[in-house]
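>>> Only the shape, not the letters, is given here:
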């Protein structure tokens with residue numbers, strides 16, 4: 001038997017000649033060391049931490065996160081949300097959009113434009129900050145929201161002291177700007193931090209510090225300013241949770257204390273805690289989320305947390321509706337409030353007037369619309385991610401402003417016929433797709449039909465990582481359809497609805513407009529039947545009557561008894577009126593004659609810009625001799641300034657991008 005005094009020295013380098021058993025022992029030591037410091041157990045299951053442990057602030061972050069939990073009741077609470085945004089691959093463009101959003105109007109206490117500030121300067125230039133950020137790999141974005149932020153007349157001193165503490169914790173000077181927002185019930189500050197240290201190297205911050213350390217530092221400063229919470233404040237805050245229709249700290253305590261069958265008793269050592277639990281269980285019982293089972297015990301509902309979180313979200317939505325209607329100085333009828341559910345909407349669109357557009361979650365960038373529907377109800381529409389950080393389209397087309405009229409439809413994920421055709425051709429062509437292979441499979445395919453397939457592949461190039469060979473053929477993987485379906489499903493989760501602009505101007509501007517308006521489409525298509533005689537529906541009915549009278553006065557309609565007859569191609573005539581007026585003005589500005597493109601004609605020229613008219617959106621094309629106006633398509637967004645060509649078919653243009661053949665004109 002070997003005791004503690006036995007020792008057999010071995011000469012030589014440490015670990016030399018020790019054999020497999022020694023290596024196994026060394027591995028066990030390393031595994032035990034990793035486990036002791038909170039790391040992964042060998043190469044097995046990961047620990048609770050999955051980020052950078054060696055980043056700046058790792059030690060202080062763990063220290064701050066390990067503070068006495070019982071002391072947190074007295075500490076002033078501060079919500080800190082953090083996000084890391086990659087700036088490579090066009091991310092600076094998204095950063096510019098985000099900065100514009102932060103400086104929008106109506107965010108100060110006086111309802112004015114948000115003002116940027118820095119460590120020393122009262123005001124800073126955001127464009128200079130973005131200029132310094134060129135070449136940065138990433139950017140940190142923080143939202144700091146003290147629970148008692150309303151007690152601060154100015155949040156700037158607090159933010160500056162917080163960033164000074166952060167510099168000390170991370171051991172580097174930081175380059176940051178911030179803006180304070182007071183447009184919600186909880187004043188908060190947005191902080192943009194460059195992802196580089198004072199030596200120009202990538203700034204890597206430990207996740208412990210980002211997730212908990214920064215929040216603890218902020219709470220320390222608020223405690224110094226306002227003092228720790230008193231017993232009275234703590235008791236009042238917790239007692240207020242008893243009747244709240246949301247997920248509360250009391251609910252969290254009840255779930256942790258419940259057994260496997262979700263049975264719980266309100267008994268607690270602290271009498272005040274016992275009263276909180278008893279009161280909350282009684283409230284949950286009235287809400288149908290807990291059932292008494294006798295002997296003072298309750299059984300919690302299986303979906304308790306999900307239901308309470310949904311109820312809290314609904315309450316936030318109702319408060320948002322009330323706030324926006326108050327800003328618009330219009331009455332809100334509670335019985336007419338609706339939360340739009342795309343899953344229940346089916347194929348019928350929600351049509352209405354935009355009252356407000358905003359962010360439901362500034363940190364995650366989730367947008368909402370409030371739409372006054374033609375059904376007489378007020379609808380809250382969750383749009384999903386705005387994606388202002390680049391890497392994808394906006395959740396809304398531009399031009400969606402208060403007063404405009406929109407159609408909202410559910411986004412149904414699914415494969416398109418073009419996807420199946422591309423996959424089938426590639427499967428029979430060694431995994432490659434190009435125009436020649438398509439023509440071999442379908443000799444009748446027209447150039448416009450081939451163009452649509454290539455446009456689909458261009459749209460999927462970035463999200464699916466599609467590549468092309470040296471001769472321009474697309475490399476289509478064997479699981480292409482599965483990847484497309486997963487992409488479409490992700491798009492539907494991120495942006496559950498599609499929004500189409502139907503009218504870019506308010507109702508009152510349509511009644512006498514020499515243009516093809518949304519009202520005219522309703523009149524010709526008998527859309528009046530869908531208008532309810534309440535709310536916006538009643539306003540639209542009145543506008544339709546005024547528009548009908550105007551059309552009769554213009555000789556575009558006649559009244560026979562209760563029936564109104566409209567002249568043939570009335571919509572086209574109204575559109576030509578607006579196009580003619582706009583073309584006359586452009587001809588004077590450009591010193592070029594206007595040419596009206598006819599059906600089936602070839603169109604060619606440089607795409608100058610987009611025109612947003614009452615009749616719709618049009619593309620302005622010019623060459624050395626003349627210019628023309630043709631219907632706009634979303635595929636043209638990135639082609640402004642380039643040479644494009646196409647053919648006008650059925651009122652739409654089949655576009656071909658790139659430099660076209662020289663010719664005498666656009667026709």
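It's in. Not measured: the values here are computed from a predicted model.

>>> Strands of the stretch 151-300 of the chain, residue ranges please.
Per DSSP state E, counting those that start in this stretch, the stretch 151-300 of the chain carries strands over the ranges 176-181, 188-194, 263-264, 290-294, 297-300.

>>> Please identify the buried residues of the fourth one?
The neighbour-count criterion (16 or more other CB atoms under 10 Å) identifies residue 290 as the buried residues of strand 290-294. Placement of C-beta: from N, CA and C, glycine included.

>>> tell me what that strand is packed against?
helix 271-286, strand 297-300 (3 or more CB pairs under 8 Å, 6 or more residues apart in numbering; DSSP states H and E).

>>> Put together JSON lines for the ones you listed, with mean neighbour count, distance to residue 325 and mean pLDDT on each row.
Listed next are those as JSON lines, based on neighbours: other CB atoms under 10 Å; distance: least, CB to CB, whole Å; pLDDT from 0 to 100:
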{"stretch": "helix 271-286", "mean neighbour count": "17", "distance to residue 325": "29", "mean pLDDT": "92"}
{"stretch": "strand 297-300", "mean neighbour count": "18", "distance to residue 325": "37", "mean pLDDT": "92"}
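
>>> closest to residue 122 out of those?
Residue 122 sits nearest to helix 271-286 of all these, at 45.4 Å, using CB to CB.

>>> what angle sits between that closest one and strand 290-294?
110 degrees (axes from the mean of the first three to the mean of the last three CA atoms, to 10 degrees).

>>> Please work out which residues outside helix 271-286 touch it.
For helix 271-286, the external contacting residues (CB atoms under 8 Å, 6 or more residues apart in numbering) are 235, 238-239, 241-243, 248, 250-251, 253-254, 264, 266-268, 290-292, 298, 300-301, 304.

>>> just the buried members of the residues you listed?
238, 241-242, 248, 250-251, 253-254, 264, 266, 290, 298, 300-301, 304.

>>> element containing the closest residue in space to residue 355 that isn't next to it in sequence, please.
In space, and not counting its chain neighbours, residue 355 is closest to residue 370: 4.4 Å by CB to CB, 6 or more residues apart in numbering. Counting by DSSP states H and E, the element that carries residue 370 is strand 366-373.

>>> what about that strand, average pLDDT?
Along strand 366-373, the predicted local confidence has a mean pLDDT of 88.

>>> How far does it sit from its chain's centre?
13 Å (CA atoms, centre = their mean, to the nearest Å).

>>> packing partners for the helix or strand following it?
Using DSSP H and E, the helix or strand that follows strand 366-373 in sequence is strand 378-385. The contact analysis (3+ CB pairs under 8 Å, 6+ apart) places strand 378-385 against helix 304-327, strand 337-339, strand 350-361, strand 366-373, helix 480-494, strand 497-503.

>>> residues making contact with strand 378-385?
317, 320-321, 325, 332-333, 336-340, 350, 352, 355, 360, 364-373, 395-396, 408, 493-497, 499, 535.

>>> any idea how the chain splits into domains?
With domains defined by automatic domain parsing, the chain comprises 14-48, 58-224, 233-302, 307-410, 417-494, 505-567, 575-657.

>>> averaging pLDDT over each of these, which comes out lowest?
Mean pLDDT per stretch puts domain 14-48 lowest among these, at a mean of 46.

>>> related to what we said a few turns ago, tell me the one among the buried ones among the contacts of helix 271-286 nearest to residue 82.
residue 248 (24.1 Å).

>>> Not counting sequence-adjacent ones, nearest residue to that closest one?
Using CB to CB, 6+ apart and skipping residues adjacent in sequence, the residue nearest residue 248 is residue 241, 4.0 Å away.
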